[in-house]
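Colleague: A structural model of the following input is requested.
(chains A, B, C and D)
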Number of protein chains: 2
Amino acid sequence: MARIQNNKNETRKEFITSAAARLFREKGFSATGMRDLAGEVGVEAASLYNHIRSKAELLQEICFRTANQFSAQLNELELDNSQTSLQKVEAILRHHIQWWVAKPDDMLVTNNESKYLQEPYLSTFMNERRLYVRRIEAIMEDGIRKGQLSGIQPYSAVLTLLSMVRGIEFWHRTKKNISAEALEENMVKHFIDGLRQR
Amino acid sequence: MARIQNNKNETRKEFITSAAARLFREKGFSATGMRDLAGEVGVEAASLYNHIRSKAELLQEICFRTANQFSAQLNELELDNSQTSLQKVEAILRHHIQWWVAKPDDMLVTNNESKYLQEPYLSTFMNERRLYVRRIEAIMEDGIRKGQLSGIQPYSAVLTLLSMVRGIEFWHRTKKNISAEALEENMVKHFIDGLRQR
DNA sequence: GTCTATATAAGGATAGAC
DNA sequence: GTCTATCCTTATATAGAC
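Modeller: Sure thing, here's the model as predicted:
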């Protein structure tokens, strides 16, 4: 499984994109000015345009690079015959938790600011999200057919899975109470116990 | 003050506030213009200022009226000796689900746009939210002491409870697949099964 | 690649007529 | 209470010097 890590050989554009993710998360896309971003980067606003085409382009890159990462995990899982459906669902949940822990800026922007994408990117993004939900539903439906899990409707369970991890946003502000590992184990156990066949 | 009433016995200000919640939800607080809001209400932008003091004031009213509603439920639950801790947690979860189903505009604005509150309202709001989390944790801790629930750390469980219901935002766009009642029962069962003592 | 200067548009909010 | 007109600030993005 891929590890999450920071790229220390960032290009100038990647540095700007990371700063943008941080600002879009904190202030929101609309309320973030190019002057704010320039200040973070350490240049004047006009200089940013030697590296990027527009503010909108920054949002596109953050949202799609994040979304594509999750699609890529599903691509692998769907081809893996060594895991049960329940194990696959757990792997998806752990993947989401780990990304929320490691990349809260990217996750918050992708979740909360993607609505500011311009067409045709907005439609593409929303279609990909719907497809992503359906693919997870299909994994759960397969598990129900095989008797590996039960007690829940797949659509409801997917909504729960994708949403419950958003609370990690608040955990980031008060990390001292519980470690990332303990948080992950608690959430996985809680979710899976509500899904397991008994 | 003149009380211009419309269909639902709303004051003019309440009508404006509802329109603001809808727009803040769809476009975000920062990207919503007073001219947008005026168009929704059916007047020119300048006319809004006979009913409200500022755009910021509208956000304050939406966020605090929503947050106070949830605090009020806890006030009652804490005084209720007829319910177990597990029943109280279930009541809290059902309350959140029902509000997400019935008032998605208010819930989304309170969750996603409250960061645009100005001081001192922002600090007040965040302090109230922290207190709300702690009060639910306390109910869970009481349940653990009494052996009514187990298997999870209260902080992690509260994060899960408050976050998992946010998926209802997406359910609103595709209601046909599952009824509000079925959604509620699925989510309650899923969450409670992961919490119950066995 | 970065700067200063600026074009052009839109933002929240107010003044004063009616 | 609502309107028209407008103030003042800020926004994204570009032009052209260095």
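Colleague: Does A:Glu141 lie in a helix or a strand, and which?
Modeller: Taking DSSP states H and E as the definition, one finds A:Glu141 inside helix A:121-145.
Colleague: Give me the helices and strands touching the helix or strand that that helix is followed by, please.
Modeller: Sequence-wise, the next helix or strand beyond helix A:121-145 is helix A:154-164, with elements assigned using DSSP H and E. Using 3 or more Cβ pairs under 8 Å, 6 or more residues apart in numbering or on different chains; DSSP states H and E as the contact test, the elements touching helix A:154-164 are helix A:85-102, helix A:121-145, helix A:180-193, helix B:154-164, helix B:168-171, helix B:180-193. C-betas here are computed from N, CA, C, even on glycine.
Colleague: could you dump those helices to JSON lines with mean pLDDT, distance to DNA strand C and mean neighbour count?
Modeller: Formatted as JSON lines, those follow (pLDDT from 0 to 100; distance: least, Cβ to the nearest atom of the strand, whole Å; neighbours: other Cβ atoms under 10 Å in any protein chain shown):
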{"stretch": "helix A:85-102", "mean pLDDT": "98", "distance to DNA strand C": "28", "mean neighbour count": "20"}
{"stretch": "helix A:121-145", "mean pLDDT": "97", "distance to DNA strand C": "18", "mean neighbour count": "16"}
{"stretch": "helix A:180-193", "mean pLDDT": "96", "distance to DNA strand C": "35", "mean neighbour count": "19"}
{"stretch": "helix B:154-164", "mean pLDDT": "97", "distance to DNA strand C": "29", "mean neighbour count": "24"}
{"stretch": "helix B:168-171", "mean pLDDT": "97", "distance to DNA strand C": "23", "mean neighbour count": "19"}
{"stretch": "helix B:180-193", "mean pLDDT": "96", "distance to DNA strand C": "33", "mean neighbour count": "19"}
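Colleague: Tell me the secondary structure at the residue nearest the centre of chain A.
Modeller: Per Cα atoms, centre = their mean, the C-alpha nearest to the average position across chain A is that of A:Met107, at 4.3 Å. Look at A:Met107: counting by DSSP: H, G, I helix; E, B strand; the rest coil, its state is helix.
Colleague: can you tell me which residues contact it?
Modeller: Taking Cβ atoms under 8 Å, 6 or more residues apart in numbering or on different chains as the definition of contact, the neighbours of A:Met107 are A:66, A:99-100.
Colleague: now, which of those sits nearest chain B?
Modeller: Taking Cβ to the nearest Cβ as the measure, A:Trp100 is the one of these closest to chain B, at 10.2 Å.
Colleague: Can you verify my assumption that the closest one contacts A:Ser163?
Modeller: No. A:Trp100 is not in contact with A:Ser163 according to Cβ atoms under 8 Å; the separation is 11.3 Å.
Colleague: Contacts only, for the nearest residue to A:Asn177 once chain neighbours are set aside.
Modeller: Here the nearest residue to A:Asn177 in space, its sequence neighbours aside, is B:Tyr155; by Cβ to Cβ, 6 or more residues apart in numbering or on different chains that works out to 5.5 Å. Residues touching B:Tyr155, when contacts are defined by Cβ under 8 Å, 6+ apart, comprise A:171, A:177-178, B:133, B:137.
Colleague: Repeat that for A:Val101.
Modeller: When contacts are counted by Cβ under 8 Å, 6+ apart, A:Val101 touches A:168, A:180, A:183-184.
Colleague: Close to chain B as well: tell me which of those qualify.
Modeller: With Cβ under 8 Å from any Cβ of the partner chain as the criterion, the subset of those in contact with chain B comprises A:168, A:183.
Colleague: Tabulate the contacts of A:Val101 (TSV), appending distance to A:Arg145.
Modeller: Conversion of the contacts of A:Val101 to TSV gives the following (distance: Cβ to Cβ, whole Å):
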residue	distance to A:Arg145
A:Ile168	32
A:Ala180	35
A:Leu183	32
A:Glu184	29
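Colleague: Going by distance to DNA strand D, which of the contacts of A:Val101 wins?
Modeller: Minimum distance to DNA strand D across those is 27.8 Å, recorded for A:Ile168 (Cβ to the nearest atom of the strand).
Colleague: What is the neighbour count of A:Gln73?
Modeller: Applying other Cβ atoms under 10 Å in any protein chain shown, we find 16 other residues in the vicinity of A:Gln73.
Colleague: Just give the closest residue to it, not the sequence neighbours.
Modeller: A:His95 (5.4 Å).
Colleague: got it, and A:Gln153?
Modeller: B:Asn186 (5.3 Å).
Colleague: Contact partners for the one you found?
Modeller: So B:Asn186 contacts A:152-153, A:156-157, B:178 (Cβ under 8 Å, 6+ apart).
Colleague: Write out the residues of chain A neighbouring DNA strand D.
Modeller: A:32-36, A:45-46, A:49, A:53-56 (Cβ under 7 Å from any atom of the strand).
Colleague: 10 Å instead, please
Modeller: By Cβ under 10 Å from any atom of the strand, the residues of chain A that approach DNA strand D are A:23, A:27, A:29-38, A:44-50, A:52-58, A:118.
Colleague: Good, we can wrap up now.
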